[in-house]
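Engineer: below is the structure, and that's it, no one-letter string:
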């Protein structure tokens, strides 16, 4: 049982209640609870305040650092404390992002599309290392952004920049729980496709996107086609991966139990009005 799980049970909160109380996406809460992603300080503080518990209860190993943080008067002082070499690694190891800033990754693609992603400082460091240490432009960069797993083809990138406080349309699983975004070469705008809520399986009981991510992470080619959801039971649709520059997969597709226990996300399919929106969720 994780500390966040224990705090929820003691405070009689479920993930949906915590999401409603804090405005944090329910998928983000699940990913933090499972230790998949680090939690931003503001999110950790908001969750603790909602449940009326101290931050030290979520991060008992950081009690001394967090007690010092409570006595500080400004964010720059707090950032300096967290960036102290003696503290930074301990904070990261505890699952808390030591960087208080909101980093936005801006990716300019050869198709002339631009994608923006909010990333933790840990994901940012990983991406920078992959870009700098790459021997060639083959393969993919895989990272988490908000509630999405993002796969970017390296040779589709013309430029990557990291900016603090850049404009950004936040992903919302309430609106796009099962809507994946695909960016193709030569396409003027991304395509949004519906993914089946249960994810299906690959015939061996494995989640197909787990296999897809494993291929991307290990330098293998992605499968040539991706099955997407339609709202017509008498229709099946497959999208070619050929020419794919970016694939953004909502994490709720990989963690189906989130929506089986909570009812705050609605299904978004290819014919549910999303086609009239751009892939960042803006009309």
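Structural biologist: The structure has been received and is ready for your questions. Since we're looking at a predicted model, the values are computed, not measured.
Engineer: what about the helices in the protein?
Structural biologist: Ranges of helices within the chain are 3-11, 15-22, 26-33, 41-51, 55-58, 63-70, 75-83, 85-93, 121-133, 173-176, 208-217, 251-254, 257-261, based on DSSP state H.
Engineer: pop the domain breakdown of this protein in here.
Structural biologist: Per automatic domain parsing, the structural domains of the chain span 3-93, 103-276.
Engineer: got phi/psi on residue 233?
Structural biologist: The phi and psi values for residue 233, taken as degrees, to the nearest 10, are phi -60, psi -20.
Engineer: tell me the pLDDT of it.
Structural biologist: pLDDT recorded at residue 233 is 75.
Engineer: that one: how many residues sit nearby?
Structural biologist: Around residue 233 sit 6 other residues, with neighbours defined as other CB atoms under 10 Å. Using the backbone N, CA and C atoms, a C-beta is placed for each residue, glycine as well.
Engineer: what about residue 30, distance to residue 255?
Structural biologist: 6 Å (CB to CB, to the nearest Å).
Engineer: which one's more surrounded, the two?
Structural biologist: Of the pair residue 30 and residue 255, residue 30 is the one with more neighbours under other CB under 10 Å, namely 24 against 18.
Engineer: what's the closest non-adjacent residue to the more buried one?
Structural biologist: residue 258 (5.0 Å; CB to CB, 6 or more residues apart in numbering).
Engineer: I'd assumed residue 26 was in contact with the one you found.
Structural biologist: Yes: if you go by CB atoms under 8 Å, residue 258 and residue 26 touch, sitting 6.3 Å apart.
Engineer: for the two, indicate the residue with more neighbours.
Structural biologist: residue 26 (26 against 23).
Engineer: if I look at the spatially closest residue to that one that is not a sequence neighbour, what pLDDT would I see?
Structural biologist: Using CB to CB, 6+ apart and skipping the chain neighbours, the partner closest in space to residue 26 is residue 19 (4.2 Å). In this model, residue 19 is scored at 92, pLDDT.
Engineer: same question for the one 4 residues further on.
Structural biologist: Per-residue confidence for residue 23 comes out at a pLDDT of 93.
Engineer: could you pull up the residues touching it?
Structural biologist: For residue 23, the contacting residues are residue 46, by CB atoms under 8 Å, 6 or more residues apart in numbering.
Engineer: tell me how far the residue nearest to residue 217 when sequence neighbours are not counted lies from residue 250.
Structural biologist: Excluding the flanking residues, the one nearest residue 217 by CB to CB, 6+ apart is residue 142, at 5.4 Å. Residue 142 sits 15 Å away from residue 250, going by CB to CB.
Engineer: do the same with residue 170
Structural biologist: Distance from residue 170 to residue 250, by CB to CB: 13 Å.
Engineer: likewise for residue 70?
Structural biologist: 36 Å.
Engineer: if you count what's nearby, which of those two comes out ahead?
Structural biologist: Using other CB under 10 Å, the more surrounded residue of residue 70 and residue 250 is residue 250, with 25 against 10.
Engineer: is it true that that one touches residue 27?
Structural biologist: Yes: with contacts counted by CB under 8 Å, residue 250 reaches residue 27, the gap being 7.4 Å.
Engineer: any common contacting residues for the two?
Structural biologist: Joint contacts of residue 250 and residue 27 (CB under 8 Å, 6+ apart) are 147, 173.
Engineer: where along the stretch 101-250 of the chain do the strands fall?
Structural biologist: Assigned by DSSP state E, counting those that start in this stretch, the strands in the stretch 101-250 of the chain fall at 103-109, 114-119, 140-145, 148-153, 157-164, 179-184, 191-194, 225-228, 237-240, 244-250.
Engineer: save those as TSV, and put in distance to residue 133 and mean pLDDT too.
Structural biologist: Shown next, in TSV, are the strands of the stretch 101-250 of the chain (distance: least, CB to CB, whole Å; pLDDT from 0 to 100):
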stretch	distance to residue 133	mean pLDDT
strand 103-109	17	97
strand 114-119	18	96
strand 140-145	12	94
strand 148-153	16	93
strand 157-164	14	97
strand 179-184	25	90
strand 191-194	31	84
strand 225-228	29	78
strand 237-240	31	82
strand 244-250	21	92
